[in-house]
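Colleague: Give the three-dimensional model of this entry:
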Amino acid sequence: MEIIGHFRRLNAVQRNTFVACFLGWSLDAFDFFILILCVNALATDFHEKVSAITQAIFWTLAMRPLGAFLFGLLADRYGRRPTLMIDIIAYSVFELASAFAPSLKVFLVMRALFGIAMGGEWGVGAALAFETLPAEGRGFFSGLLQEGYVVGYLLAALVVVGALPAFLVIYIRTKVDESPAWLQGRGSRESEQRLGKDIVSHAGIFAFLVVLMFAFNSFSHGTQDLYPTFLERNLHFSPQTTGLVVMIYNVGALLGGIVFGSWSEKIGRRRAIVIAAILSIPVIPLWAYSHTVPLMALGGFLMQFMVQGAWGVIPAHLNELSPPGVRGTFPGFAYQLGNLLSSRNSVIQAKVAESRYGGAFSPVLAWTVLLVSGLVVAATLSGRERRGADLSMTN
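Modeller: Take a look at the predicted model:
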């Protein structure tokens, strides 16, 4: 199989690095999606509306840019490997603390702090991975790395203990080497002094990436964050049935990321993204307006195949577009600023459903996909790509 072939071409250091970065993103996403799957239960426990609980989602997403910036600076200054270990410990601690929050206010604070730690993982992990991996097969590894996010969602659906990510630090400490690109440039004082200048001098591409990631985060969170709540509140699915549907559509997401990520090596990053985004539109009726479990599972599978298919291109695309001297900060910070701009998405969706549609989520979900898929296409086509760019240097 070609998948096995991709891994066979890696040496031990490259394999260990990729596995560590994949698991870091998976377990980060797992901690986030535990909340997504518990929105309905939390609303009952805290005696609040769904829109009040979605404030926790907002604070998690809103604080992620701060984490991307802080941990990105640490990664560019002190190395990807130690920064990633610190980040994983931090998000594990705040996730565990969230479980013991005595009130909604304390819970919101813990989720905000978790958001800072969550925001740091993607950029640092992606930089470490792509600076270590060979250029050949980068699209495949991009799709697989991004779908660590989906694997985390699957783990959340299976309900694993939230502090589990902390054990990953041991693996990174013993099995993962520092990024060769960072080691090559670590002694350059000029590189350190250039950080602010690089961001300013590349303001145009940075602004483009922020807009692109606003579109992408609206696409993913707009189709994922309230979907389990929709299944339970509107269709009256049990938590077990909802969990089954979630697992099925996350299998679709995993496959979509790998397929489109790999395909982007042949047809280009932008073309792969655009095709996936456009193909999400015909799935809307099946995904938002079906009523039976099999049809909802099929609709969810197809929708997330397209959504995460587009997302599977992003890790490689952002790192290829980022200036080498600030690769630990630049792509992750742009990603999380886009997250900040879309962070109230779930709150707005819940409030619109409550105020305009009597609590029905179907029309809100349908309009979300229609609008944001168009935004993804427009933003993607307005930019450029550097498929196959050399990521082995940091200056």
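
Colleague: residues contacting the spatially most central residue of the chain?
Modeller: Residue closest to the average C-alpha location in the chain (Cα atoms, centre = their mean): Y149, at 5.6 Å. Counting by Cβ atoms under 8 Å, 6 or more residues apart in numbering, Y149 touches 25-26, 29, 308, 311. Quick note: C-beta positions are derived from backbone N, CA and C, even for glycine.

Colleague: Check A62 too.
Modeller: A62 touches 112, 115, 339-340, 343-344, counting by Cβ under 8 Å, 6+ apart.

Colleague: wait, which of those is closest to F219?
Modeller: Checking the contacts of A62 against F219 by Cβ to Cβ gives N339 as the nearest, at 11.8 Å.

Colleague: Hmm, the closest one is touching M63, no?
Modeller: No - between N339 and M63 there is no contact under Cβ atoms under 8 Å: 9.4 Å.

Colleague: Please enumerate the shared neighbours of these two.
Modeller: G119.

Colleague: List the contacts of stretch 137-144.
Modeller: 2-3, 6, 9, 18, 22, 129-130, 133, 257-265, 269, 312-317, 387-388.

Colleague: Just the CA coordinates for it, please, in CSV.
Modeller: In CSV, the C-alpha atoms belonging to stretch 137-144 read as follows (Å, rounded to 0.1, in the frame of the first residue of the first chain):
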residue,chain,number,x,y,z
GLY,A,137,5.1,12.9,0.2
ARG,A,138,4.5,16.2,2.0
GLY,A,139,0.9,16.3,0.9
PHE,A,140,0.2,12.9,2.3
PHE,A,141,1.8,13.7,5.7
SER,A,142,0.0,17.0,5.8
GLY,A,143,-3.3,15.3,5.4
LEU,A,144,-2.5,12.7,8.0
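
Colleague: Now do that stretch, average pLDDT.
Modeller: Mean pLDDT, stretch 137-144: 80.

Colleague: Narrow the contacts of Y149 to just the buried residues.
Modeller: Among the contacts of Y149, the ones that count as buried by 16 or more other Cβ atoms under 10 Å are 25-26, 29, 308, 311.

Colleague: Check which residues of stretch 30-43 are buried.
Modeller: Using 16+ other Cβ under 10 Å as the test for burial, stretch 30-43 gives 30-40, 42-43.

Colleague: now it, how far from the chain's geometric center?
Modeller: From the chain centre to the centre of stretch 30-43 is a distance of 16 Å (Cα atoms, centre = their mean, to the nearest Å).

Colleague: lowest confidence element among the helices and strands of this protein?
Modeller: Between all helices and strands in the chain, the lowest mean by mean pLDDT, DSSP states H and E belongs to helix 189-193, at a mean of 48.

Colleague: how far away is the closest residue to A135 other than its chain neighbours from C21?
Modeller: Closest residue to A135 apart from its sequence neighbours, by Cβ to Cβ, 6 or more residues apart in numbering: G388 at 5.7 Å. From G388 across to C21, the span is 20 Å (Cβ to Cβ, to the nearest Å).
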